[in-house]
Structures are given as C-alpha cells and as structure tokens.
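Engineer: Build me a model from this:
(2 chains)
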There are 2 protein chains.
Amino acid sequence: MSAKTRLTPGDTIGILGGGQLGRMLAQSAASLGLKSHIYCPDANSPAFDVSASYTVAPYEDTDALNRFANSVSVVTYEFENVPGETAAHLNAKIPVRPGVKALEVSQDRLFEKQFLSNAGVAIAGFAEINSQDDLEAALKGFGGQGVLKTRRFGYDGKGQLMIRKAEDTANAFEKLGAVPAVLEDLIPFECEVSVIVARDLDGTCASYDIARNHHENHILKTSTVPAGVSSRTAETARTMAEQIVSGLDYIGVMGVEMFLVRDGNGERLLVNEVAPRVHNSGHWTQDACLTSQFDQHIRAVAGWPLGAASRHSDVIMENLIGFDADDWQSILKDPAARLHLYGKSETREGRKMGHVNRITDKTA
Amino acid sequence: MSAKTRLTPGDTIGILGGGQLGRMLAQSAASLGLKSHIYCPDANSPAFDVSASYTVAPYEDTDALNRFANSVSVVTYEFENVPGETAAHLNAKIPVRPGVKALEVSQDRLFEKQFLSNAGVAIAGFAEINSQDDLEAALKGFGGQGVLKTRRFGYDGKGQLMIRKAEDTANAFEKLGAVPAVLEDLIPFECEVSVIVARDLDGTCASYDIARNHHENHILKTSTVPAGVSSRTAETARTMAEQIVSGLDYIGVMGVEMFLVRDGNGERLLVNEVAPRVHNSGHWTQDACLTSQFDQHIRAVAGWPLGAASRHSDVIMENLIGFDADDWQSILKDPAARLHLYGKSETREGRKMGHVNRITDKTA
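Structural biologist: Okay, here's the model as predicted:
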C-alpha cells in the first residue's frame, strides 16, 4: 500500500461519489479492464448501474470506509468537498489520488488563492475577509468593487456576492452569512476558459486544448474547442495548468478555470479556481480526443502512463440541464451529435441530466 | 409490446449473452441513458460488471426467460447461436431485435447462402451436401476443389475442411462428422474485408467504411481502415450490405464479411457470411467514429434513429488474443493507442481478452 502503487487489469478503483462524474469514471475504468467500487451515501446514485460494486453509507461511517478501503487498490473522488476526515482516514490505509493536499487547497478559496499565487500563476487580486471592517478596508484597495465569496462550499454561483457600488457594501459580510470569506478584485473579462490537465505518478503532464466556456444562470452551458485564443495564450494556459498540478504533486485530472481578459495589455489569463477532479468543461474530450478526461484520470490514478491529450475534431459540448434532456429525440436526429445521458431517475430544474458533444472537422 | 416499440431514456434493454460484445453493448446503453439486463448462463460473465441487472440461467429456462422478458422493453443478443426456441419464446412476449429471421438465416450456412443469393448479392458458388455422394458430385462442378463446412455452429475456422486434391475428398463427409453441410467453391481471394451496416426501425440504413481484415489461426487479428480498395468497390460493399439488412427487415447492426478478389475481371467482392450482431471487425468504430457500432446497435434496437457512421480518423484495430493482453503496459505507452480490456478473470490461449485501436489522421 505505497504511494507508488500501480494497478494491474482486474484490480479495483474506489470512487467516492456516485454522480455523473463517478459514473463516467467507472465506465472508463471498465473499458480499461479495471473494476470500480463506488462509495456514496445516496442509495439512488447513477454510478451504481455501471460499476462492479458499491457501498451506500455516510462519509463519516468509519467501519464502512474500512471495508471499502480493504476492497480496493486505490481511492479517487468525483467531488472536491470530500470531508477532510474521510480523506485522511482512507489515506492512512490506501493511496488517495489526486491527493489530500489537492482537496485541502480546493476546499478553501483562501488556501487556493495563496497556493496559486505561490505557484507563480496569474490570478486576480484577493484579500482575506473575516469581518465587515476587513471588507471595507480591502475594497479601498480594489477601487470599491469586488466579489465577496465564502471560503468554503461555494459552487455554481452560490456563496457569492457582487459588490459594484457603495450600497452593495453595507452589511455585505453579514449577508454572506458572516463566515470566513475572500474578496476578489473585479476584473472585466471576456469569458471563462478552462484547461483540463493530467499528471501521472512519474510527474509527466498532459494538457488538453483550452476550451471557451459559456455559463447560463451560473451553470456551465457550453464548452467550445478551439477556444478562439492566440496560440501564445493557449500555451500560457497549458504552462500555468502544469505548474499548478506539479506544485501539488498531483496525480490525476484537474480542471483549471481561468478568465480571459482582453484590455490595453492585450490578451491574458487569470486563474480563477481549480477542481481536483474530472470537470464538466472537459466532457468534450470524450468525442474529440482518443483519450477522454475520464480515461486519463483512471490511467493516472491507476499509476499508468497518460494517453495522448491531442484532439482529432472541433467540438461544442452542451450541457443538458433539467428539462433540456427532454430534447433527446431531436439531439438523436443530428448526425454530428453524440448524446450522453446520466441515467438519473428524476429530472429537476438545474440538475445536470446529460450532455451532447457536436463534432466537426478539425480546423485549428 | 408492438413490433414498433420505441424506448425512452431510463428503459431497459435485455441482452442475451454476457461476453465482451454484451459488455460493450451495455456500456453504450448506459451512455445513452438506458439500462441493461444481461441474461447469460455463465455466472462469471464480464458484462455483469457494467449492467444495472443480470440473470444467470440456462437459455432453456422458460421461467427465467419470462421474468427477463417482463423486466425489459426489448431484447437483443450478442451472438447468433441463440437457441431458436429461446428467441421464439421471447419474441412471443416482447420485440426481439435484430429479429428471429436474422437468427434463422445466420445459424444455418445453407439458409444463409440461399438468402444471400436471393437478395441479389454476389457470393461464391455453393452446394448442399448431405452425403459423400453429394460431395463428390458437387466437387465436379467446382473443378475438384472447395471448402466443406457444417451448416451449423461453425466459427473461427471450426467445422471446416479444405478440399484441394483427390485425397482430401475421401471420407471428407465422414471426417466433418457426417452432419448436414455445404460445399463452397474455392475462390482465390486477396483478403477478407467487412462492412458494418445498421438499419433502424424506419428502414434507414447506415454503413461504416469497409475494413480490411487479417486473420491468424482463423481468428481475426487486425482490421484496417481505410481498406485500400477502390471507391467503386467500397460503394459496392455498402450497397450489398444494405441490400442484405433490408432483405431481412433487420433492426440493428450486422457484420457482413466478404472476400476481396482481384483477378482478370478486376477487383470484386463476394459475400462470405453475415453476423446478426455487433462484430469484432467493427471495434475500430469506437475510436475512429463519433457513433460506435455499439452505440449504433443500441440506438437501432431502442427504436431510435441511427447516428452518423462517418469516420474522423484512420485506424488499425488489433485483437488481444490470449496472452497478447499481457502487453497492456507497452500498449499504454503508445500515444496513438486506445486500449480496451474486457475484464475477463482468466487468460486462456485463443480467448479474446481485449483489443487496441491505433488512430492516425484521416487520409482517405
């Protein structure tokens, strides 16, 4: 049970979390001849249908965690909010990849920004906020504008407050819940872009092409590749992504979200946040690359070498959110489209039900 | 429970057979938001690991078959030797696709040749053989040479006898087991090629590009696309494949094996045999096409429209037979390779353990 564990076909990968990401990881593991054991508190998890075994138990159930650890060769996770104690408990018994450090950094926006800053990648200015006084002092440094975000548990636009003018500032710390927070400098950006990067046990990195992301209601709607950025920007994105995973001694796939800024200084990138897992903005790799992000993550956490991250087609990935998935029949009629559905039994507003990749001949 | 049944995401497809083909069908079904129920007598079937449910029972167990039929919306199969009574029993309750007629034709070489001949596609000469006398009479018509094959249960070179000279003829019918047989004219061919064709519930057909197949020890070793045939030959292959599936009112994917003959009459094709299922020589579609043959078959048997069968890359598929699969580590190091392993617990000589697709930029 060493940090250098390498799996053999037939071995089992433990996956914490049974949503669509765990499901697609389990599907890739099976294609590579590995078994999956999904651990999830939700008895109705879509990943269970495609994995050799599963456990339904709370993340705090140490007996269940012990049995889980004994049944697998390595553990990975589909979400960054794995409780720290769960990860530590498992990590004492068995390799947890991408790693406990990556979880700690990505679970806390302050730690994340401090790490990114130390790793030498460009990020927006930020300040630690523990009170309304902290906030008012920090805003002075940012021209009175900024985004106030909780340090923990924010996602899809939740746990955020935009401050553009003086009225927004009053009681803002209270409004956010009076919890530890960070203030980010408000940078006018053209769009969000992202890079899916992988790093293997030997430290080799592979980055996919940069994608341009479009959000609706704070949820990713489309990812488009090529992203329409200069080759210099694309190269910078790749370099920054690889600096980040190398700095974390990371094993697996990471999603690195960045802002594309175009101003008097030309085109530049600021890293916004990182996700220590396969990422929604990387679903396009399933149909435009030989090695999908899911295959790549499984290869890395298995201690195997990475596959090529090169792309054979242009692609637009569209998320099917909530009742979007009711359009499955018209999607099936589009010959350029590949439909992916997650097998969720209940459609709910805002719920990610599937996605579709539309590919065309490679142009750039 | 009509012949026109169309599934909805969340519905279940029943699959007879739990080998690698059933496994890859179940994986495609899951990607499309459908569940699978595998029915197989072998408790150790690799498809079970990736399907929502499974039944271990003999194909003759009518109680188990009834429960199976009640739990699924449509039934398909991964192998052509489904017992006729099993297919008929299920078909009385629920649509069986590609269909009972396709099974009858493909289970008997004589019926197959008669059907192909009537469908208007080119095949080698053949004769029905029920005795040594029949054989000797027929050989006279074929210049004393031919291939004697059992009508039923032949595969991978089994159930065949090559007759090239007079000594081969003596007792040949006895040697083959004195079972109903056919004699095929011995045609010198350059190689075997194959076309994977699909047909949907509305009669629309889609054919993949023709593949050039190379066998070792009578087992498929590689399939290469493009196949290096003229565009006219490629078009003929496609036309013949679509005539065959249309003639059978077929629903699903079929593998059509042909001989490529180059002689004084130029380049031509003779259909050798058909497989009413996804086919080993179509595994290249997983990584060189947006719609794999497995996705395509699931779409068809679900009553959904077909996806595009177009190809985005050149590809060589290599079967990993027996201990070939021990090379998984070197395959993983090849950036152009995608490894597929079937999760079989025991490696045996001649057993299909996996395959690898190696893709390159599209040239033709």
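
Engineer: neighbouring strands for the helix or strand hosting residue A:358, and are they parallel or not?
Structural biologist: Here residue A:358 is covered by strand A:352-361, with elements defined by DSSP states H and E. Using DSSP bridges, strand A:352-361 pairs in its sheet with strand A:313-321 (antiparallel), strand A:337-341 (antiparallel).

Engineer: now what about it, what contacts it?
Structural biologist: Residues external to strand A:352-361 that are found in contact with it (CB atoms under 8 Å, 6 or more residues apart in numbering or on different chains): A:20, A:219, A:280, A:283-284, A:286-288, A:313-322, A:324-325, A:328, A:331, A:334, A:336-342, A:344, A:347, B:33, B:290, B:312. For every residue, glycine as well, the C-beta is placed using N, CA and C.

Engineer: Determine how far that strand lies from the middle of the whole chain.
Structural biologist: 18 Å (CA atoms, centre = their mean, to the nearest Å).

Engineer: For that strand, buried residues please.
Structural biologist: A:352, A:353, A:354, A:355, A:356, A:357, A:358, A:359 (16 or more other CB atoms under 10 Å in any protein chain shown).

Engineer: Let's have those residues in TSV, adding distance to residue B:26 and pLDDT.
Structural biologist: Formatted as TSV, these follow (distance: CB to CB, whole Å; pLDDT from 0 to 100):
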residue	distance to residue B:26	pLDDT
A:352	23	97
A:353	20	98
A:354	18	98
A:355	20	98
A:356	21	98
A:357	21	98
A:358	25	98
A:359	24	97
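
Engineer: And the helices in the stretch 151-300 of chain A, which stretches?
Structural biologist: A:166-169, A:172-175, A:231-247, A:285-288, A:293-301 (DSSP state H, counting those that start in this stretch).

Engineer: Run through the neighbouring helices and strands of the second one.
Structural biologist: Contact analysis of helix A:172-175 by 3 or more CB pairs under 8 Å, 6 or more residues apart in numbering or on different chains; DSSP states H and E lists helix A:132-141, strand A:160-163 as its packing neighbours.

Engineer: in chain A, which ranges drop under the pLDDT threshold?
Structural biologist: A:1-2, A:155-157 (pLDDT under 70).

Engineer: circling back: and the helices of the stretch 151-300 of chain A: which comes nearest residue B:298?
Structural biologist: helix A:285-288 (16.1 Å; CB to CB).

Engineer: How about residues contacting that closest one?
Structural biologist: Under CB under 8 Å, 6+ apart, the answer for helix A:285-288 is A:24, A:196, A:208, A:225, A:291-294, A:296, A:309, A:311-315, A:338, A:340, A:357, A:359, B:290.

Engineer: how many other residues sit next to the closest residue to chain B within the stretch 51-200 of chain A?
Structural biologist: In the stretch 51-200 of chain A, the residue that lies nearest chain B is residue A:52 (4.1 Å; CB to the nearest CB). Residues near residue A:52, counting by other CB atoms under 10 Å in any protein chain shown, number 17.

Engineer: What of residue A:171?
Structural biologist: Neighbours of residue A:171 (other CB under 10 Å): 11.

Engineer: ditto for the one 4 residues further on
Structural biologist: Residue A:175 is surrounded by 11 other residues when neighbours are defined as other CB under 10 Å.

Engineer: now residue A:292
Structural biologist: Quick note: residue A:292 (other CB under 10 Å) scores 27 neighbours.

Engineer: Please apply the same query to the one 5 residues further on.
Structural biologist: Residue A:297 is flanked by 31 other residues according to other CB under 10 Å.

Engineer: Please report the distance of it from residue A:207.
Structural biologist: 14 Å (CB to CB, to the nearest Å).

Engineer: go on, residue A:121?
Structural biologist: When residue A:121 is compared with residue A:207 (using CB to CB), they lie 13 Å apart.

Engineer: next one: residue A:358
Structural biologist: On the measure of CB to CB, residue A:358 and residue A:207 end up 23 Å apart.

Engineer: which residues touch residue A:158?
Structural biologist: Counting by CB under 8 Å, 6+ apart, residue A:158 has contacts residue A:218.

Engineer: burial count for the residue in the stretch 251-364 of chain A that chain B sits nearest to?
Structural biologist: Closest to chain B within the stretch 251-364 of chain A is residue A:341: 2.6 Å, counting by CB to the nearest CB. Close neighbours of residue A:341, defined as other CB under 10 Å, add up to 22.

Engineer: Contacts for stretch A:58-65 next, please.
Structural biologist: A:16, A:39, A:41, A:55, A:57, A:82, A:83, A:85, A:86, A:89, A:90.

Engineer: show me the contacts for the residue lying closest to the first one once chain neighbours are set aside.
Structural biologist: In space, residue A:16 comes closest to residue A:77 once its chain neighbours are excluded; the distance is 4.0 Å by CB to CB, 6 or more residues apart in numbering or on different chains. Contacts for residue A:77 were tallied using CB under 8 Å, 6+ apart; they are A:15, A:16, A:17, A:87, A:96, A:103, A:276, A:277.
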